[in-house]
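Enquirer: Got a sequence here, can you build the structure:
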Amino acid sequence: MKLGRLNHIGVATPSIADSIVFYRDVMGATKIHAPFDLESQGVKVCFVDTPGADGALNGTQIELIEPLPGNTSIQSFLDKNPAGGQHHMCYEVPDIHAAKAEFEAMGKRVLGEPRIGAHGTLIFFVHPKDMQDGKVEVSDRYLSHVRNGRRELGNATVRQIEARLGKPHGWMDLPHTDDEPRDADERILVDQIINLYRHSPEVVKRLIAVADSRFQDELVAQAKAQTHEIAVAQAEDAIRDADVLIDVREADEYAAGHLPGAVHMSRGLLEFKMSSSPELAARDLNIVLYCKTSGRAALAAVQLHAMGYLKVSSIAGGFDAWVAAGKPTAKPAVPTFE
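Expert: Here you go, the predicted model:
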């Protein structure tokens, strides 16, 4: 049995709130996670991060443990140690099931089958009497690797990777129930992504940028296939018949010049503004959209269709095509303070 990294030290406490104050104000902890109830084990848990060798907050964690009503094991510990204290130490192993078999082969009493622990990965405990009167928790090494890797990548990058791989939101997070195991191939893929980022972060960023571009192109192509586009030659007639003409570009683009009579609603705020404007509530409104070249307008049209609007069109080629055809433009009126 090879000794693995010390993942965390479990500290039983009669009050997590008081312990948080201690670790923050006395020990100088700068990263204390929000406490949460782990009802399957009858405890409230809070993790405190400590620095690793490189100074980053990726060292051994402190796991604060407070019993919930009805808990017997932690409460029994606190009955003997009213002020609280070290309850267990958790070591990582590369294969949780192999580790269990090795301990049992040495005659060590493993307390139950591997189960999901507070970190959301498989763990088991070994009887203290078989471990020199110290309670030992054994945890799958994958936990630490993914936890630290996700922290390095950052949440935004992780979500981008998930989207570009066609994986669901949260795919790179650890599983939280026995019904969500990560198979070996997916573990390897996550491991490779993290290792690549650690060695060549710029390569990962470039790959995401390329994937973003292709992904966006695919979305626009799909949106255009679902959208009725109006040729610039027929656009003036269509605008005349429309109930509302909407410019979905950004505010600075609109301010630099827009189609006469257009109202501004950037695509990111379109749903909010349409929903909060009573005069635009009727789903049979005749709506014409445009953007710079028609990509954002097509995406906005799909968005409006999803909201139930029935008559939505966009101008092919957008503002650029309108200007190239010699059509008139306008600018927002600048207020005066005379």
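
Enquirer: residue ranges of the strands in the protein, please?
Expert: Along the chain, counting by DSSP state E, strands occupy 6-12, 36-38, 43-48, 61-67, 85-93, 110-116, 122-126, 136-140, 228-230, 244-247, 263-264, 286-290, 311-315.

Enquirer: Pipe those into JSON lines and attach mean pLDDT per row.
Expert: Formatted as JSON lines, these follow (pLDDT from 0 to 100):
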{"stretch": "strand 6-12", "mean pLDDT": "93"}
{"stretch": "strand 36-38", "mean pLDDT": "88"}
{"stretch": "strand 43-48", "mean pLDDT": "93"}
{"stretch": "strand 61-67", "mean pLDDT": "96"}
{"stretch": "strand 85-93", "mean pLDDT": "92"}
{"stretch": "strand 110-116", "mean pLDDT": "87"}
{"stretch": "strand 122-126", "mean pLDDT": "89"}
{"stretch": "strand 136-140", "mean pLDDT": "88"}
{"stretch": "strand 228-230", "mean pLDDT": "95"}
{"stretch": "strand 244-247", "mean pLDDT": "96"}
{"stretch": "strand 263-264", "mean pLDDT": "94"}
{"stretch": "strand 286-290", "mean pLDDT": "96"}
{"stretch": "strand 311-315", "mean pLDDT": "95"}
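
Enquirer: Any chance of a markdown table for those strands, columns distance to Tyr23 and mean neighbour count?
Expert: For glycine as for every other residue, the C-beta is placed from the backbone atoms N, C-alpha and C. A markdown table is the format used below for the strands of the chain (distance: least, CB to CB, whole Å; neighbours: other CB atoms under 10 Å):
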| stretch | distance to Tyr23 | mean neighbour count |
| --- | --- | --- |
| strand 6-12 | 9 | 21 |
| strand 36-38 | 17 | 13 |
| strand 43-48 | 5 | 21 |
| strand 61-67 | 7 | 23 |
| strand 85-93 | 14 | 20 |
| strand 110-116 | 25 | 14 |
| strand 122-126 | 23 | 21 |
| strand 136-140 | 20 | 23 |
| strand 228-230 | 60 | 17 |
| strand 244-247 | 53 | 22 |
| strand 263-264 | 50 | 15 |
| strand 286-290 | 54 | 24 |
| strand 311-315 | 56 | 22 |
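
Enquirer: now these as TSV including distance to Asp79?
Expert: Below are these laid out as TSV (distance: least, CB to CB, whole Å):
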stretch	distance to Asp79
strand 6-12	11
strand 36-38	20
strand 43-48	15
strand 61-67	10
strand 85-93	12
strand 110-116	20
strand 122-126	19
strand 136-140	21
strand 228-230	73
strand 244-247	68
strand 263-264	67
strand 286-290	68
strand 311-315	68
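
Enquirer: And the ones you listed: which comes nearest Gly28?
Expert: Among those, the nearest to Gly28 by CB to CB is strand 43-48 (10.7 Å).
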